[in-house]
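[1] Turn this into a structure:
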Amino acid sequence: MTETDTDISTIHDNTLSLLSGRIALGLPLDRHLIATLPELGVSHVVMLREREEDALKYRDATEAADITWAWMPLGEGQGPASGELDSSYLEQYLAELKQLLVEGHSLYFQCDASLERCTVLLYALCHYCRMPSSSAYPLLHSLPALSIHTVPRATLHWAAKIGAGAPQA
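    The predicted model follows:
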């Protein structure tokens, strides 16, 4: 694992509440910073990365810190244009994440430097939780780390469509 510029204050600044839980997001953390996540109340690290990106090292570091690790592989080029990512996997991820939030867990979304995968998944999750675009977009825009305005509209529309497929409560 490589050390990043992410620190505890950056994580705190990039946290939002959703349902009964919280989501923080940022870059991959080194072993030392992962060990400090419980101080912030983080119960789960959600890894949105490819297989080749040291997934097992991050799993070991989170488990050593007594944090639950979830790997949700979303690779480069996967999304609406490529058709490569089976939407059933994404719907499964959204259902699992929503349940964690309903239970009041605090999640840290760990992503690549662009944070685009985090943005897309978080936008889909907001819709999955029945938040309209008119609320989801400003919520994500309020997070300093995200550049939601750089995500193509077609990608946001795709994420909203996937998220809207949530079962009715």
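
[2] Okay, and the residue most central in space within the chain sits in which element?
    Nearest to the mean C-alpha position of the chain, by CA atoms, centre = their mean, lies Phe109 at 3.7 Å. Using DSSP states H and E, the secondary-structure element containing Phe109 is strand 106-110.

[3] List the strands paired with that strand, with their directions.
    For strand 106-110, the paired strands and their directions (DSSP bridges) are strand 21-26 (parallel), strand 44-47 (parallel).

[4] rewinding a little: confirm for me that the residue nearest to the centre of the chain is in contact with Ile23.
    Yes - using CB atoms under 8 Å, Phe109 is in contact with Ile23, at 6.2 Å. C-betas here are computed from N, CA, C, even on glycine.

[5] what's the overlap in contacts for these two?
    Taking CB atoms under 8 Å, 6 or more residues apart in numbering as the contact rule, the neighbours common to Phe109 and Ile23 are Leu122.

[6] The helix or strand hosting His157 packs against which elements?
    Remark: His157 resides in helix 153-163, with elements defined by DSSP H and E. Applying 3 or more CB pairs under 8 Å, 6 or more residues apart in numbering; DSSP states H and E, one finds that helix 153-163 makes contact with helix 87-102, helix 116-128, helix 133-141.

[7] Mind checking the ones you listed for the one nearest to Leu27?
    With CB to CB, the closest approach to Leu27 among the helices and strands packed on helix 153-163 belongs to helix 116-128: 9.7 Å.

[8] so what's the backbone phi/psi at Leu33?
    For Leu33, the backbone dihedrals (degrees, to the nearest 10) come out as phi -70, psi -40.

[9] Find the residue ranges of this protein scoring beneath the pLDDT cut-off.
    Counting by pLDDT under 70, the chain has low-confidence residues at 1-10, 12, 49-53, 74-86, 168-169.

[10] Ile34 contacts Ile67, correct?
    Yes - with contacts counted by CB under 8 Å, Ile34 reaches Ile67, the gap being 7.2 Å.

[11] shared neighbours of these two, anything?
    Where contact means CB under 8 Å, 6+ apart, the residues bridging Ile34 and Ile67 through contact with each are Val45.

[12] which one of those two has more residues nearby?
    Ile34 (24 against 18; other CB atoms under 10 Å).

[13] check contacts around the closest residue to that one other than its chain neighbours.
    Distances taken as CB to CB, 6 or more residues apart in numbering put Ala61 closest to Ile34, at 4.6 Å, once the chain neighbours are dropped. The neighbourhood of Ala61, defined by CB under 8 Å, 6+ apart, consists of 1, 29, 31, 34-35.

[14] Go through these and say which is closest to Pro138.
    Comparing the contacts of Ala61 against Pro138 with CB to CB picks out Leu29 as the nearest, at 27.3 Å.
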